[in-house]
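>>> coords below, sequence missing:
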């Protein structure tokens, strides 16, 4: 029975710490019930301490560890399934260590993506604020000055001034449109109402899709490596990986791959047909499958694409900053020149 009762689920960093501490005490040779008692008494603090104590009480009454963890309702299904496999194969310490690395890697990928997106968004917002300040506050002042001194206003300058006046008159409409866009983005990325649209957008978006697909490769290969090391069949492993992808479009593609494998196609061919994975990934999977070292090859793939993802995110952030600064400088410079030059000409003619 799920005992979550609306309790917030554990973050990937908390999951990594939980699994790591478990792996340490289990590798020391302690039975898992004694390990839980130790963790709940001296190692964990706060929420994690209470959680470990509740799991300990259930395990002490004879409940399997995976079940005691599952009934909390705040652990991922993937982790629970992996622990069930570990209990059946007697590999709890190794699987806890693998899960710790897996969630640590997931947290790193999430932070990399988040950090790569925050700075450009802030810079774009500042750029928009500067341009709006010029158009709505500064340009009207120059317009009044030009009208007071007289003289002919060039067409380009008149267009900018008319645009400024139009923005002022339609400010409420513009604010409404911005609010609608903001609501749409919140619905798109923070709720499940537009889930299918969001998931397809992340895969198809011109700039973000390459990095997003690399993140998928990292998650997919690291998860499949853990499962293959645990002796899981490929079809069952792929079934368990589906929720980990956190993308309905990717899940549908992987379900097609599972059907293809069940129909007799090799793993590499089935994954290639999804069009989600790069050619290098497919070649390495083919080689690992043929040599019987698929789990080691998956670890290598995860390392390669994790490094590539880091480089890609770094290149994107490094290139976005000067690009946005140049755009801002050109826009502000153009606006000021279009207004200042006629004013200078008028003043020169008066002089």
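It's in. These numbers come from a predicted model, not from an experiment.
>>> all contacts plus neighbour counts: C-alpha atoms, from now on.
Fine.
>>> Any regions of the stretch 51-200 of the chain where pLDDT drops low?
Low-confidence segments of the stretch 51-200 of the chain (pLDDT under 70): 89, 113, 116, 149-153, 191-192.
>>> Which parts of it are helices?
Assigned by DSSP state H, counting those that start in this stretch, the stretch 51-200 of the chain shows helices spanning 65-70, 77-89, 92-133, 139-149, 155-169, 171-190, 195-204.
>>> Name the stretch among the ones you listed that sits most buried.
helix 65-70 (a mean of 20; mean count of other Cα atoms under 10 Å).
>>> other SSEs contacting that helix?
helix 46-60, helix 77-89 (3 or more Cα pairs under 8 Å, 6 or more residues apart in numbering; DSSP states H and E).
>>> quick one on the thing from earlier: so can I have CSV of the helices of the stretch 51-200 of the chain showing distance to residue 239?
Below are the helices of the stretch 51-200 of the chain laid out as CSV (distance: least, Cα to Cα, whole Å):
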stretch, distance to residue 239
helix 65-70, 18
helix 77-89, 10
helix 92-133, 17
helix 139-149, 60
helix 155-169, 53
helix 171-190, 25
helix 195-204, 19
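>>> wait, which of those helices is closest to residue 220?
With Cα to Cα as the criterion, residue 220 lies closest to helix 92-133 of those, at 10.5 Å.
>>> So which other helices or strands are in contact with that closest one?
If contacts are counted by 3+ Cα pairs under 8 Å, 6+ apart, helix 92-133 sits against helix 12-27, helix 77-89, helix 208-229, helix 294-350.
>>> which stretch among the helices of the stretch 51-200 of the chain comes nearest residue 27?
Among these, helix 92-133 comes nearest to residue 27, with 5.7 Å by Cα to Cα.
>>> Okay, angle between that closest one and helix 12-27 too, please.
Angle, helix 92-133 to helix 12-27, by axes from the mean of the first three to the mean of the last three Cα atoms, to 10 degrees: 160 degrees.
>>> Distance to residue 141 added to the helices and strands packed on helix 65-70, as TSV?
Listed next are the helices and strands packed on helix 65-70 as TSV, based on distance: least, Cα to Cα, whole Å:
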stretch	distance to residue 141
helix 46-60	58
helix 77-89	62
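>>> Minimum distance to residue 142: which of those helices has it?
Comparing these by Cα to Cα, helix 46-60 comes nearest, at 60.3 Å.
>>> Next, the angle helix 12-27 makes with the closest one.
Using the same axes, to 10 degrees, helix 46-60 lies at 50 degrees relative to helix 12-27.
>>> so what does helix 46-60 touch, helix or strand wise?
Looks like helix 46-60 contacts helix 32-38, helix 65-70 (3+ Cα pairs under 8 Å, 6+ apart).
>>> Mind checking these for the one nearest to residue 259?
Of all the helices and strands packed on helix 46-60, helix 65-70 comes closest under Cα to Cα, at 28.6 Å.
>>> Just the residues contacting the closest one, thanks.
The contact list for helix 65-70, computed with Cα atoms under 8 Å, 6 or more residues apart in numbering, reads 2, 32, 55, 58, 59, 75, 77, 80, 81, 83, 84, 87.
>>> give the contact list for the fifth one.
Residues touching residue 59, when contacts are defined by Cα under 8 Å, 6+ apart, comprise 33, 65, 68.
>>> now swap in the fourth one and tell me
Applying Cα under 8 Å, 6+ apart, we find residue 58 in contact with residue 68.
>>> Equivalent analysis for the third one, please.
Listed by Cα under 8 Å, 6+ apart, the contact set of residue 55 reads 36, 65, 68, 69.
>>> switch the cut-off to 6 Å
Contact partners of residue 55, counting by Cα atoms under 6 Å, 6 or more residues apart in numbering, are residue 68.
>>> ok, now how distant is it from residue 178?
48 Å (Cα to Cα, to the nearest Å).
>>> just to revisit the earlier point, dump the contacts of residue 59 into a markdown table; add distance to residue 324 as well.
Formatted as a markdown table, the contacts of residue 59 follow (distance: Cα to Cα, whole Å):
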| residue | distance to residue 324 |
| --- | --- |
| 33 | 56 |
| 65 | 53 |
| 68 | 52 |
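>>> tell me which of those residues is nearest to residue 271?
Among the contacts of residue 59, residue 65 lies closest to residue 271 (Cα to Cα), at 33.9 Å.
>>> No more questions from me, cheers.
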